[in-house]
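**Student:** After the sequence you'll find the predicted model.
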Amino acid sequence: MIPEVQAVLLGVVEGLTEFLPVSSTGHLIVAERLIGYQDTGKVFTIVVQLGAILAVVWFYGRQLWDKVSGLLRGRPTARRFWLHLIVASLPAALVGLLFEQAIKAALFSPLTVAITLILGGVILWWVETLPQVRASAQTTLPELDSITLKQAVVIGVAQAVAVIPGVSRSGASIVGGLLTGLNRVTATAFSFFMGIPVLGGAGLYSLYKARDTLGSVTGGSTALGLGTLVAFITALLSISWLLRYVSAHSFKGFAIYRVGLGLFVLLLLALGVMQ
């Protein structure tokens, strides 16, 4: 399979899974092994996420502009929003900077992904059984201005765990939000916004570090560009669908999917189909 086709397929995987609580990085690691794509230095996996982040900026462009203009005008709700977003993003950024190389070297493997998919699925199911989560009021519009500083801190700490492949950044932050009392739509939307500084920063940083070695990535800059573009398009579709879905459903379906996929990956490893 030529690298450009592989990049398109991986872009679809990234865009569809980035904002679902199923771990896009875990899916990319497994997909790369299955189709034989060599992600030199794990650059493709990180950089292609920029496409998904651009989708969030596009989808929430009006709201983001409103928050920016509100900040410039000194609006208290806008100041709180940006403060909470920064606070929630710091733990993952610090953990990523401190342990990036160690995590890539030791944990970027299908076995790690399988284990964390299963454990994350069990946790997600457990959270959905809690009385306060089941009884939380549902809405079709996120209530971002209702988020408190304490909730932002808890969500940020939860998101930091997602530096481990297979945990899912969106899944961890959504779980953190649900545990602090947010409804599903608000927790999901806030996880979208949190991805802008965390994934955007990680993608740009990885792109900068690899600026002299992009040619060594399978398919080079062409593959990176294709993967990023496809991720942008598919992420737009995924964001819109997920917000509609969680306004009327729980996350239990994703929990079942995570456990099932994790067991399937373990089976492939046991059969020697994947290493």
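**Tutor:** Structure received.

**Student:** Quick check: phi and psi at Ala189.
**Tutor:** When read as degrees, to the nearest 10, the backbone of Ala189 gives phi -60, psi -40.

**Student:** now the residue lying closest to it once chain neighbours are set aside: how far from Thr186?
**Tutor:** Once flanking residues are discounted, Ala189 sits nearest to Pro142: 3.5 Å by C-beta to C-beta, 6 or more residues apart in numbering. (Glycine included, C-beta is placed from N, CA and C.) For Pro142, the distance to Thr186 equals 5 Å [C-beta to C-beta, to the nearest Å].

**Student:** of those two, who's got more company?
**Tutor:** Thr186 (26 against 23; other C-beta atoms under 10 Å).

**Student:** which stretches of the chain have low pLDDT?
**Tutor:** Scanning the chain for pLDDT under 70 picks out the ranges 39-42, 137-138, 140, 213-216.

**Student:** Show me the longest helix that occurs in it.
**Tutor:** helix 76-107 (DSSP state H).

**Student:** all helices for the stretch 1-150 of the chain, in order.
**Tutor:** Ranges of helices in the stretch 1-150 of the chain, per DSSP state H, counting those that start in this stretch, are 3-17, 24-35, 43-47, 49-59, 61-72, 76-107, 110-129, 131-134, 149-160.

**Student:** what about those, which gets the closest to Ala231?
**Tutor:** helix 49-59 (3.2 Å; C-beta to C-beta).

**Student:** Which other helices and strands does the helix or strand hosting Ser238 contact?
**Tutor:** Here Ser238, judged by DSSP states H and E, is contained in helix 220-246. In terms of contacts (3 or more C-beta pairs under 8 Å, 6 or more residues apart in numbering; DSSP states H and E), helix 220-246 is packed against helix 3-17, helix 43-47, helix 49-59, helix 184-209.

**Student:** Make JSON lines out of those and add distance to Val153.
**Tutor:** Formatted as JSON lines, those follow (distance: least, C-beta to C-beta, whole Å):
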{"stretch": "helix 3-17", "distance to Val153": "27"}
{"stretch": "helix 43-47", "distance to Val153": "26"}
{"stretch": "helix 49-59", "distance to Val153": "22"}
{"stretch": "helix 184-209", "distance to Val153": "12"}
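
**Student:** Deepest-packed of the ones you listed, please.
**Tutor:** Highest mean neighbour count among the helices and strands packed on helix 220-246 (mean count of other C-beta atoms under 10 Å): helix 43-47, with a mean of 24.
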